[in-house]
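Undergrad: Just to be clear, the model below is a prediction. Sequence and coordinates:
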Amino acid sequence: MSTELKVDVSPPTMPPPSLSEVLDTHAKLEAQVGEIYITFAVTFAKNLELRQLWSTMALEEGGHASLLRAMNKGLLSGSLRAKPFLLPFEVLDSLATRVAEYRRRAEEGVSLDQALRITWELECSELDFLRELLVSTSNLAELGLPTNWERDEHVARLREVIQRCTTDESLRREAKFLSAERAPR
C-alpha cells in the first residue's frame, strides 16, 4: 500500500490590494516619476526648453501624488466613501518595477533620446490606465479625482519637444502618429 504525500508548491496568491493601498502606491509612483523628471531637468539644464518641460512635468506629477494622498487620507479618516476596487497585485508590482527601472537609468545618466523615450513611455504607460481604471470602477470621480490630469497639455508639450529634439526616428513617428490619431476631426 503506497501513500504519496502531495505538497502544493505553487506560490501563494496575494489578495488584491485595498483601494487605500492602490491610492498609496499610485501616489508613490507619481512622486517617483516626478523625481525622474527632476533628474532630467537637471541633466539637460543648459537647454531652457528641456529644463522647463521636465520641471513643469515634475511639478504636475507632484500635484497628482498630493491629490491621491489627500483622497486616501479622506478615505482612511472616513470623511470620504468609495466603492471597493479590485486590482490584481501584479499590476501594481509591474508598474513599480518599471518606474524603479526608469529611475535607475535616469540616475545613471541617459542621452537626450533616451530621456525623451523614457518620458514618452511613462506618459503613455499603465499609470494613465490605472488612473482611468480607478475612476471608471469606483466613485472617485464623484469625490474629485479628475480623469486624464492635464494629459492633453502635458503630452502635447512633450510631443512638440520630441519632434524638435530627438534623433530617434521611431519615437518621432510614434509621437506624430499619436498626435494625428488624437487630432479633432
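TA: Perfect, thanks for sending it.
Undergrad: Could you give me the buried positions within the helix or strand harbouring Glu30?
TA: Element membership for Glu30 (DSSP states H and E) is helix 19-43. For helix 19-43, a neighbour-count test (16 or more other CB atoms under 10 Å) marks 19, 22-41, 43 as buried. To be clear about C-beta, it is placed using only N, CA and C from the backbone, and glycine gets the same treatment.
Undergrad: give the contact list for the residue nearest to Gln163 when sequence neighbours are not counted.
TA: Sequence neighbours aside, Arg172 is the residue nearest to Gln163 in space, at 6.2 Å (criterion: CB to CB, 6 or more residues apart in numbering). Contacts here follow CB atoms under 8 Å, 6 or more residues apart in numbering; on that basis Arg172 touches 162-163, 166.
Undergrad: C-terminal to the lowest-mean-pLDDT helix or strand in the chain, which secondary structure element comes first?
TA: Least confident element among the helices and strands of the chain, by mean pLDDT, DSSP states H and E: helix 126-137 (a mean of 66). With elements assigned by DSSP H and E, the helix or strand that comes after helix 126-137 is helix 151-165.
Undergrad: Could you list every helix and strand in contact with the host helix or strand of Leu122?
TA: Element membership for Leu122 (DSSP H and E) is helix 112-123. Here helix 112-123 is seen to pack against helix 19-43, helix 48-77, helix 89-108, helix 151-165, helix 169-182 when contacts are counted using 3 or more CB pairs under 8 Å, 6 or more residues apart in numbering; DSSP states H and E.
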